[in-house]
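Q: Fold the stuff below for me.
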Amino acid sequence: MIELRRDSLIFRFPEVHRDAECRISFQRTLRIPDDNREYSLPPGLGRFPLNLVDDYADSVPATWGTHGGVFLPMYQAEAMWLNFDGDYPMAVKVAAGKINAVTGEGWENELCESPQDYIVIPDQPWLDGFCVMKGMIRQFVAMPLGEGYTAEEQLTGEAEHGGLQIVVYPIKPSYYQRSLDEIGFITHSPQMQQAPGREMGLAPGGLIRQEIYEDEYGFGAWETSVRSRCYVHIVNSIQFFSVTGANPPSEPPSALDYTKAGLPWFDYYDRDLKALKGAEKLAGLDSVAAKMLKKGEGVLKDNDPVKPKIVKKLGKGKVREGEF
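A: Below you'll find the predicted structure:
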């Protein structure tokens, strides 16, 4: 069962356990410089507004009726990250244009053990992009379908799906109880000219230091007999207005403007968890900036390198004793 509440997707599995619930939201953020330098985690700038496809059945593309789900607006070359919230363990598969963001493989509903093609809540608090190597992702950046930028188009040669696809599996109750027995802020430009009314996909952007963690519960822990799926369509601001009659959020600041204002970036590292090594298929993709140069379309705007002055360390609620 999936609900939309306060711009978050709530996945519930009451038939498995009364606590089997998690929330996924889609966070606006800075587009980090796409210059092959490694950057810390950018901040969350608020949730993207989510709308039910079924509420706009008369004005959305006909294919959306088949997919159902929700939709959100993004400016061209705007970035996002996914925030995960929940105490009950869940296995979550995330794909962009039906390309798995962890492995680079095509979409499958079922979980895959080797290579691990899913992330685990609550161990993984967020996902900022495509897992290209151990400890490194390329940021999710919105680009119009049909221009060759998205991961989907680079790997399949087709601009068919776009958006995001998500499937969630809960952990078996016996494993949940076992974990309870053992245990006793969201913190984490001008953009290129908008293409008129087109669906968007996600392309790889700049490099962010982020680990995608191994499944510590074991593949047999997941209740694979039940699952919930959601299709998240992405539209640009023009299409969003034409469908809903509402204005999209204002454009986010550039990374340079944000950094000049002395605002913080973030680092997160959990020493207790092992990181996946990353996907060769995804590592071989062109970033947005590189693809623009290859296509002879000039340089990516607002792509100046930055040196964050403030980088805050984030942990998993660990308490430091300090001095007495």
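Q: Is S242 located within a helix, as I assumed?
A: Yes. Counting by DSSP: H, G, I helix; E, B strand; the rest coil, S242 is part of a helix.
Q: any idea how far D7 is from it?
A: The gap separating S242 from D7 is 20 Å, by Cβ to Cβ, to the nearest Å. C-beta coordinates here come from the backbone N, C-alpha and C atoms, glycine included.
Q: Least confident secondary structure element in this protein?
A: When each helix and strand of the chain is scored by mean pLDDT, DSSP states H and E, helix 173-183 comes last, with a mean of 73.
Q: what's the next secondary structure element after it?
A: As assigned by DSSP states H and E, the chain's next helix or strand after helix 173-183 is strand 200-209.
Q: That next one: which residues count as buried?
A: 200-208 (16 or more other Cβ atoms under 10 Å).
Q: Summarise which helices and strands it is packed against.
A: In terms of contacts (3 or more Cβ pairs under 8 Å, 6 or more residues apart in numbering; DSSP states H and E), strand 200-209 is packed against strand 38-39, strand 129-133, strand 136-144, helix 151-156, strand 228-235, helix 288-294.
Q: Next one, pLDDT for G317 please.
A: In the prediction, the pLDDT value recorded for G317 is 58.
Q: what does the one 3 residues further on give?
A: Each residue has a pLDDT score; the one for R320 is 54.
Q: Also G65?
A: 86.
Q: I'd say I310 and W265 touch.
A: Yes. Assessed by Cβ atoms under 8 Å, I310 is found in contact with W265 at 6.8 Å.
Q: Look up how far R18 lies from V94.
A: Taking Cβ to Cβ, one finds V94 at 26 Å from R18.
Q: shaky segments in the stretch 51-200 of the chain?
A: In the predicted model of the stretch 51-200 of the chain, residues 179-198 satisfy pLDDT under 70.
Q: picking that back up, from the buried residues of strand 200-209, which single one is nearest Y75?
A: Y75 lies nearest to M200 out of the buried residues of strand 200-209, by Cβ to Cβ, at 9.3 Å.
Q: Kindly state the beta-bridge partners for that closest one.
A: P144 (DSSP bridges).
Q: That one contacts P144, doesn't it?
A: Yes. Judged on Cβ under 8 Å, M200 makes contact with P144 at a distance of 6.0 Å.
Q: what is in contact with these two at once?
A: The contact sets of M200 and P144 overlap at 76, 236 (Cβ atoms under 8 Å, 6 or more residues apart in numbering).
Q: what about I310 and W265, which has more around it?
A: Higher neighbour count among I310 and W265: W265, with 23 against 11, using other Cβ atoms under 10 Å.
Q: rewinding a little: out of the helices and strands packed on strand 200-209, nearest to E280?
A: E280 sits nearest to strand 129-133 of all these, at 8.8 Å, using Cβ to Cβ.
Q: pull the CA atoms of that closest one into PDB?
A: Coordinates of each C-alpha in strand 129-133 appear next as PDB, following Å, rounded to 0.1, in the frame of the first residue of the first chain:
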ATOM      1  CA  GLY A 129      22.800   9.600  -7.700                       C
ATOM      2  CA  PHE A 130      24.200   6.700  -9.700                       C
ATOM      3  CA  CYS A 131      26.700   4.400  -7.900                       C
ATOM      4  CA  VAL A 132      29.700   4.700 -10.200                       C
ATOM      5  CA  MET A 133      32.500   3.400  -7.900                       C
END
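Q: so the host helix or strand of S25 versus strand 136-144, what angle?
A: Using DSSP H and E, S25 sits in strand 21-29. For strand 21-29 against strand 136-144, the angle by axes from the mean of the first three to the mean of the last three Cα atoms, to 10 degrees is 70 degrees.
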